[in-house]
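Enquirer: missing the sequence, but the structure's below:
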């Protein structure tokens, strides 16, 4: 349905004649056309309900247009128009271009090619793709999630009642069905040229090469990726046009990319993956300067200082869109007091009070670093867990300040002397999104590799023990968690005597793979095992500790006749230990660069773990609950309860603490 | 076929095999009419539960042996459903409150209230109170223990509580002072030998005396373990062969190997290997304090006299941490690293002395 929506979207354009509105044909105008359209179009498209009324009001339209001219977003206005203007590394652009050339031109191949472009927001993924498509003369059909269906109907109704019948044929289909239809139809039918009066009709008829672009993936696929996978593989076998999927990487949502495009699927469907990096700050500031110069030439704004541009470039974390927006905001007439944008000086505070609530006064703790931080419009620089842990483990020191001899330790404490750290661990950690407790266990999983002597190890483990002790008290957990993490990190850093000074040479340099924390998995499994032990051997009613350390191991040895296959299996499982002396961790436990860890299951456990060991009255799936309630243990307290009623079906269904 | 431990468990106070004086005391206590709250404590496998059941039988007759397994549901103030399985007869109810973790307070209060609110049906023939048996009291949270203290007094008229734990050190003094403490000491080697011989005779087996002594010694004065070992021996080799090794549970062997690994090499890499093994033990539901104890025992055997004190002190320190902390692996590992450091220093000194 979405291609219909987008075609309606254009009616908001003031200059566009209203006659287009009646066309409710199921073909989609490409996104590239929208981009060629000016920003007023972009703006009005966002408010489809309002625009028709505004456009009718002739008296207002003039001023409205003026307003729009100003309101134009720079990020739209200065969209790159040629390859050279792209703020992306040349190699990357070439990579994409090569892929498009290879796959778009050719029809002989049996399978449709699929390309997956990933990268952080504002890295220029879509811009690059659209630009290249234009250059190569490919038309683009784009899917967008259709959430404005209702609004759509409203507009059409308003305009042309005679069209109602066609409007009413909108059947409410599920997003996934729509998506499916889109993919399968998009490459069969060509789009109808309604808007663009066949300017580029030179490549009409069968020769027209289309690229299908999917940027938003319907949400329900996230819940059920297998459905998505089947559609993809179906597309590959039936589709003819190359399919490009653009996914934005983020580190706070669940790992959609991994979920939707697992490695084996990528392999199976021969999906090419091109990943974009954030735009480098130098390139960013270059582009910003260029934009500013253009604007200044037009006389719309005053020239801002270079430091402002620098600051914006630094604080936008490689997001071109956000940087341009921030810049535009900074250059607005009423906010043109650019100095106040940077909170480096105390004067900014005074000014911020005068300009009202627009400025969040930020505690200027970083003044000593002489680092200016954008107050408004700065992108939140969150970092992947992987990088954060890496930063802590490969910590760096800077040269000690010789002007402060007081900071030197007396001779008997010389062994504890360290050069100052170049980064504050607390600051690094604040950029990550996981809880301190969770971070702590990841650090714990990985730090041992980075220590070389047993003495260092002794101290580091002690600090970790302290850290855990501090965070265990549940009443004060919230407050103490951060301190506990600080103790762990700083404890590790201080105990690492290989690297006391900024010029120490790392002995065991080189990259070491990081691993996911094993602890949560272990504790969960422990609880599960405990629960099933208690459930399966309920008839013995021993305390869990006795059950696990004495009864079950000896049952394994004596091998009495057990009546429940579940019991037999469990005993076997519990009495087997993996004795591999060659110690290696499985690959899937590796922590990958862009892994996003969800903490859900962890919270369940930490809750449960509060009271140490045999906790968890975990609820077991009791299918014969009513039966068991009547069960009497015959004569002796300890006689084995023989529950032969389908107990082998028993599965631990739920895990509740 | 049930295990020998269950099959030959004495059912009345007069049939107990050892601590006969204590049995006589308990008998007189029951005959005396009134009955205090009891706190039964002693090492694992000493016969605490057996004595409790015998006392109950003495109180109520054979009716206590008709046991049911029930699932009770409780709701916490935060509307969370807790389910706990209890074992009960008409006269008593047995529950392990630590099954529900840190919500044990709710269970204790509700459960005792429920039991105590119903009077005994026929108070002329029976005692006019019911009994609540709480096991693993030392694992109760402090909250629950304080709740218990109040509940004990409030429902004294209709209900008595028997608490069962390994050590009183984790029971708050307020509870200790409200109960009659009964310490069940571990049986001596001779007593275990005697029990083993008797059980084997009943099974129709001949158990050589040396074999019985060997098992008794190996069991660490834990009668339950001795009986389990004896049964395992019976399955693996009959007639009993005195020269043959007595099989141990797999996790103990695994733990011993781990300790050997620690003593063999002291390096961060080895610690990682040890960590993997500790995880393995933990997933097999071996409680961390048992791991700590087992490690210490094995590690002490490689230590010189002068080192022992230091190692034990550190073990105690980290065992305490284990109780207070949350992630047991941190503390286990800290102990291992500490031992590595101590031991390495010792070895280096030894080499230095040689030259």
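Expert: Cool, the structure landed. Predicted model, so just to flag it, every value in this text is computed and none were measured. Residues are numbered from 1 along each chain as shown, chains lettered A, B, ... in the order given.
Enquirer: Can I take it that residue B:190 is in a strand?
Expert: No: per DSSP: H, G, I helix; E, B strand; the rest coil, residue B:190 lies outside any strand segment and is helix.
Enquirer: what about the residue lying closest to residue A:512 once chain neighbours are set aside, which SS state?
Expert: Distance criterion CB to CB, 6 or more residues apart in numbering or on different chains; nearest residue to residue A:512, sequence neighbours excluded, is residue A:449 at 5.1 Å. Bear in mind the C-beta positions are built from the backbone N, C-alpha and C, glycine included. Following three-state DSSP, residue A:449 is assigned to helix.
Enquirer: ok, residue A:449 - contacts?
Expert: Shown in contact with residue A:449 (CB atoms under 8 Å, 6 or more residues apart in numbering or on different chains): A:512, B:268, B:272.
Enquirer: Mind telling me what element the last one is part of?
Expert: Under the criterion DSSP states H and E, the helix or strand holding residue B:272 is helix B:268-283.
Enquirer: Just the buried residues of that helix, please?
Expert: Across helix B:268-283, burial judged by 16 or more other CB atoms under 10 Å in any protein chain shown covers B:268, B:270-283.
Enquirer: average pLDDT across that helix?
Expert: Model confidence over helix B:268-283, given as mean pLDDT, is 91.
Enquirer: Ends of stretch A:295-315, what's the gap?
Expert: Taking CA to CA, to the nearest Å, the first and last residues of stretch A:295-315 lie 22 Å apart.
Enquirer: which stretches of the stretch 151-300 of chain A have low pLDDT?
Expert: Residues of the stretch 151-300 of chain A meeting the criterion pLDDT under 70: A:151-174, A:186-208, A:250-256, A:300.
Enquirer: where exactly do the helices run in it?
Expert: Assigned by DSSP state H, counting those that start in this stretch, the stretch 151-300 of chain A shows helices spanning A:164-168, A:175-186, A:220-223, A:225-238, A:256-260, A:263-268, A:281-298.
Enquirer: So which of the ones you listed is nearest residue B:57?
Expert: Nearest to residue B:57 among the helices of the stretch 151-300 of chain A is helix A:220-223; the distance by CB to CB comes to 57.7 Å.
Enquirer: gap between the residue lying closest to residue A:331 once chain neighbours are set aside and residue A:314?
Expert: Among residues not flanking residue A:331 along the chain, residue A:301 sits closest, at 4.4 Å (CB to CB, 6+ apart). Residue A:301 sits 21 Å away from residue A:314, going by CB to CB, to the nearest Å.
Enquirer: who's in contact with residue 235?
Expert: Picked chain A for this. Applying CB under 8 Å, 6+ apart, one finds that residue A:235 lies in contact with A:112, A:114, A:183-184, A:243.
Enquirer: Chain B is the one I meant
Expert: Applying CB under 8 Å, 6+ apart, the residues contacting residue B:235 are A:557-559.
Enquirer: Quick check: the gap between it and residue B:3.
Expert: Computed as CB to CB, the residue B:235 to residue B:3 distance reads 11 Å.
Enquirer: anything in contact with each of these two?
Expert: In contact with both residue B:235 and residue B:3: residue A:558, using CB under 8 Å, 6+ apart.
Enquirer: Helices along the stretch 201-350 of chain B, start to end?
Expert: Ranges of helices in the stretch 201-350 of chain B, per DSSP H, counting those that start in this stretch, are B:209-218, B:223-236, B:250-264, B:268-283, B:288-300, B:305-324, B:328-354.
Enquirer: I'd like the mean pLDDT over the second one, please.
Expert: Mean pLDDT, taken over the full extent of helix B:223-236, equals 88.
Enquirer: Return the set of buried residues in it.
Expert: B:223-234, B:236.
Enquirer: Spit out the contact partners of residue B:268.
Expert: Applying CB under 8 Å, 6+ apart to residue B:268 gives the contacts A:448-449, A:451-454, A:457.
Enquirer: Mind telling me which residue is nearest the centre of chain B?
Expert: Chain B has residue B:44 as the residue nearest its centroid, 3.9 Å off, counting by CA atoms, centre = their mean.
Enquirer: What are the phi and psi values at that one?
Expert: Dihedral angles of residue B:44 (phi, psi; degrees, to the nearest 10) stand at phi -70, psi 140.
Enquirer: for it, what are its contacts?
Expert: Residue B:44 makes contact with A:546, B:166, B:222, B:224, according to CB under 8 Å, 6+ apart.
Enquirer: Could you list the low-pLDDT ranges of chain B?
Expert: Looking at chain B by pLDDT under 70, you get B:1, B:119-126.
Enquirer: that older thread, tabulate the contacts of residue A:449 in CSV, adding columns for distance to residue B:115.
Expert: Output for the contacts of residue A:449, formatted as CSV (distance: CB to CB, whole Å):
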residue, distance to residue B:115
A:512, 58
B:268, 54
B:272, 51
